[in-house]
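[1] build me a structure from this.
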Amino acid sequence: MVISASDEYVRLCETQMALIRQGLGATLSVVYLTEDMANNAIANLRPIVAMPEAVRDWSAERLLTWLTESGHEAGEPPRLALPSRGGRDGSSDRPVLRLGSTMNDGDLPTPEPLKQPSHQVILPLGHNNVVFGALVVARGDRPWKPAERTQVEHIARTLAIARLLDQRSQWMTQQFQRQRQIQAQQREMLGNLLHQFRNPLTAMRTFGKLLWRRLLPEDKNRSLANSIVQESQRLEELLKQFDQVMDQGQVLDWEDTDDSTGPWLTAGLLETARLPSQNALTGQQLVLEGCAITDVLAPLLSSAGAIAQDRQIQLNVELADDLPAVLTDRQALREVLNNLLDNALKYTPAQEQVWVWVGDRQETPTGTLQAVTIADTGPGIPPDDLEHIFERHYRGVQAHTGIPGTGLGLAIARDLIIQMGGKLEVYSPLAAWQPQGDQAPLLPLTSHGTVLVVWLPEVA
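    Numbers count the residues shown, from 1 in each chain. Prediction:
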């Protein structure tokens, strides 16, 4: 695929040609570009900047034939070559364009043919063994001195590197445009799916409410119906967050982006880094307030209990009374604890146990921290995986099991906890955990299992 030279690159070439003309007295200068230098052929060379302008209409073969009328060897096929690995090309110490005079493009207009080969300099525009084109300069009144040739070589290297950067820039722009199209299609499809998702969600919440109202208060199934209603409400909240994220994606109208500056220059608009107090899921500002951990945890435990019963897992819950409130964002904390409970239940096999304990406290120089501890007797986490456990999309040995997962749960949980001023700790096996309080549950000293501890600051 041919990539044309950008306007910026053409202007750079024009500036360099003006320097050669004004500073070195060149009467002819041409920059040729090519996208295909296979077998060192020069047939695909195309002029992009020429001085005088009339020379720009000449083909590369025509100009090179004119330049070689003064005595280069005839019969050699035209080809362009960078210097050999040793830095020499025949008897010359500079990269040269090897020419033949077999091409004939008709009568050549002025300027007159050069009297001596030393009046011309022909250099490949190349970088890292890749040839992008050629630079041809000439003057009829005097030969080029070594110092002048060196200056021309510097200009050729500058144009070669600039061409490389120009190609990369155009390629990145094309990829950017393609990515925009893909994202627009994905956003449209996601919007359609979310719209269709709302209808069955509304029906599920309605059915849950009807079921809850028809069951007597003493019926054990009434709590399950209430859990259905609560989870459907949580899904509705997540749908609102989806809408907010999609709206954010439409804030920037890239169709109005000035192509002369490029999207990469609008750094202020493209800034995606979250502020320390923003939700890692939605980018919205966290609302930190005092609340009891048990108030957030209770509805999650109701759902976790039903899941544990279905999977034949023993769920042990110990919640201390009269604990001080912690400073947290309720919605963010709910997502954290839900992720941790989901992991514990997902990776714990049947007939094993999961513990949830609230009551551990820790004194720090900045205040008191309160903990939520979630432990399980599952397979545990290998030492090598512990070092990467909070990396996004990292699953370690679990990636080779049939248990589904994305490797995002712990990464999201830690980000949210840090933004709330807390910390998240992980221990494996169970024996590696040393509780702070004396009311901790007695866990079996097994060589497997996992303990996750969420520490949150108490309200001063």
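[2] ok, now which ones touch the closest residue in space to S232 that isn't next to it in sequence?
    Nearest non-adjacent residue to S232, counting by CB to CB, 6 or more residues apart in numbering: R205, 3.7 Å away. (Each C-beta comes from the backbone N, C-alpha and C, glycine too.) Going by CB atoms under 8 Å, 6 or more residues apart in numbering, R205 touches I228, V229, S232, Q233, E236.
[3] buried ones only from those, please, as a PyMOL command.
    Here is the PyMOL command that selects only those of these that count as buried (16 or more other CB atoms under 10 Å):
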select buried, resi 228+229+232
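[4] so, low pLDDT: which residues of the stretch 201-350 of the chain?
    Applying pLDDT under 70 to the stretch 201-350 of the chain flags residues 248-284.
[5] at 50 what do you get?
    252-256, 259-276 (pLDDT under 50).
[6] hey, where'd the helices end up in it?
    Ranges of helices in the stretch 201-350 of the chain, per DSSP state H, counting those that start in this stretch, are 221-249, 267-270, 293-310, 330-347.
[7] what are the buried residues along the first one?
    Read that as helix 221-249. Residues of helix 221-249 classed as buried: 222, 224-232, 234, 241-242 (neighbour count, 16+ other CB under 10 Å).
[8] which residues does the lengthiest strand in the chain contact?
    Looking across the chain with DSSP state E, the single longest strand is strand 353-364. Residues outside strand 353-364 that contact it (CB under 8 Å, 6+ apart) are 293-294, 297, 301, 304, 308, 313-320, 323, 341, 344-345, 348, 368-377, 435-437, 439-441, 443, 453, 455, 458.
[9] chain center to that strand, what's the gap?
    Here the centre of strand 353-364 is set off from its chain's centre by 37 Å, with CA atoms, centre = their mean, to the nearest Å.
[10] please apply the same query to stretch 48-59.
    With CA atoms, centre = their mean, you get 43 Å for stretch 48-59.
[11] state the mean pLDDT of that stretch.
    The pLDDT scores in stretch 48-59 average 78.
[12] make 611 the first number, not 1, from now on.
    Sure, I'll start numbering at 611, so the last one becomes stretch 658-669.
[13] with only the CA atoms kept, save that stretch in CSV.
    Taking Å, rounded to 0.1, in the frame of the first residue of the first chain, the C-alpha atoms of stretch 658-669 are listed here in CSV:
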residue,chain,number,x,y,z
ILE,A,658,7.8,15.3,-4.5
VAL,A,659,10.0,18.4,-4.3
ALA,A,660,12.1,19.8,-7.1
MET,A,661,14.1,22.9,-7.9
PRO,A,662,13.6,24.2,-10.5
GLU,A,663,10.0,23.3,-10.5
ALA,A,664,10.0,22.1,-14.1
VAL,A,665,12.3,19.2,-13.2
ARG,A,666,9.5,17.8,-11.0
ASP,A,667,7.7,16.6,-14.2
TRP,A,668,10.7,14.5,-15.2
SER,A,669,10.7,10.8,-14.4
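[14] right, and E763 touches L733 too?
    Yes: in this structure E763 lies within contact range of L733 using CB atoms under 8 Å: 6.2 Å.
[15] neighbour-wise, which of the two wins?
    Set side by side, E763 and L733 show more neighbours around L733, with 24 against 15, by other CB atoms under 10 Å.
[16] for burial, what's the neighbour tally of the residue lying closest to that one once chain neighbours are set aside?
    Nearest non-adjacent residue to L733, counting by CB to CB, 6+ apart: A766, 4.3 Å away. Using other CB under 10 Å, A766 has 24 neighbouring residues.
[17] how close does A766 sit to S1038?
    Relative to S1038, A766 is positioned 61 Å away (criterion: CB to CB, to the nearest Å).
[18] and I838, by the same measure?
    Distance from I838 to S1038, by CB to CB: 34 Å.
[19] cool, P734 as well?
    Taken as CB to CB, the span from P734 to S1038 is 60 Å.
[20] cool, and E1001?
    Taken as CB to CB, the span from E1001 to S1038 is 16 Å.
[21] compare neighbour counts for these two and give me the winner.
    Counted by other CB under 10 Å, E1001 and S1038 do not tie: S1038 has more neighbours, with 24 against 13.
[22] so the more buried one touches V1061, yeah?
    Yes: using CB under 8 Å, S1038 is in contact with V1061, at 7.2 Å.
[23] mind giving me the domain ranges of this protein?
    617-782, 882-1070 (automatic domain parsing).
[24] out of those, the one nearest Q791 is which?
    domain 617-782 (15.1 Å; CB to CB).
[25] so for stretch 943-960, what gets flagged as buried?
    943-958.
[26] residues in contact with it?
    With CB under 8 Å, 6+ apart as the test, stretch 943-960 has contacts from 844, 891, 903, 906-907, 910-911, 914, 917-918, 921-923, 964, 966, 982, 984-989, 1008, 1013, 1015, 1019-1020, 1022-1023, 1026-1027, 1030, 1034, 1060, 1062, 1064, 1066.
[27] list only buried entries from the residues you listed.
    For the contacts of stretch 943-960, buried by 16+ other CB under 10 Å: 844, 891, 903, 906-907, 910-911, 914, 918, 921, 923, 964, 966, 982, 984-989, 1008, 1019-1020, 1022-1023, 1026-1027, 1030, 1034, 1060, 1062, 1064, 1066.
[28] element containing G633, please.
    helix 617-634 (DSSP states H and E).
[29] next, the angle from whichever helix or strand comes after that helix to helix 617-634.
    Following helix 617-634 in sequence order, the next helix or strand is strand 638-643 (DSSP H and E). Relative orientation of strand 638-643 and helix 617-634, computed by axes from the mean of the first three to the mean of the last three CA atoms, to 10 degrees: 150 degrees.
[30] counting neighbours, what do you get for G1059?
    27.
[31] can you count the residues close to the nearest residue to it once chain neighbours are set aside?
    Once flanking residues are discounted, G1059 sits nearest to L1040: 3.8 Å by CB to CB, 6+ apart. If you count neighbours by other CB under 10 Å, L1040 ends up with 20.
[32] coming back round to it: the contacts of stretch 943-960 in strands, which ones?
    Judged by DSSP E, strands contain the following of these: V964, V966, V982, I984, A985, D986, L1034, T1060, L1062, V1064, L1066.
[33] any chance of JSON lines for the residues you listed, columns distance to Q784 and pLDDT?
    What follows is the ones in strands among the contacts of stretch 943-960, written out as JSON lines (distance: CB to CB, whole Å; pLDDT from 0 to 100):
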{"residue": "V964", "distance to Q784": "51", "pLDDT": "95"}
{"residue": "V966", "distance to Q784": "52", "pLDDT": "94"}
{"residue": "V982", "distance to Q784": "49", "pLDDT": "95"}
{"residue": "I984", "distance to Q784": "48", "pLDDT": "95"}
{"residue": "A985", "distance to Q784": "52", "pLDDT": "94"}
{"residue": "D986", "distance to Q784": "49", "pLDDT": "94"}
{"residue": "L1034", "distance to Q784": "42", "pLDDT": "95"}
{"residue": "T1060", "distance to Q784": "46", "pLDDT": "94"}
{"residue": "L1062", "distance to Q784": "45", "pLDDT": "95"}
{"residue": "V1064", "distance to Q784": "46", "pLDDT": "96"}
{"residue": "L1066", "distance to Q784": "48", "pLDDT": "96"}
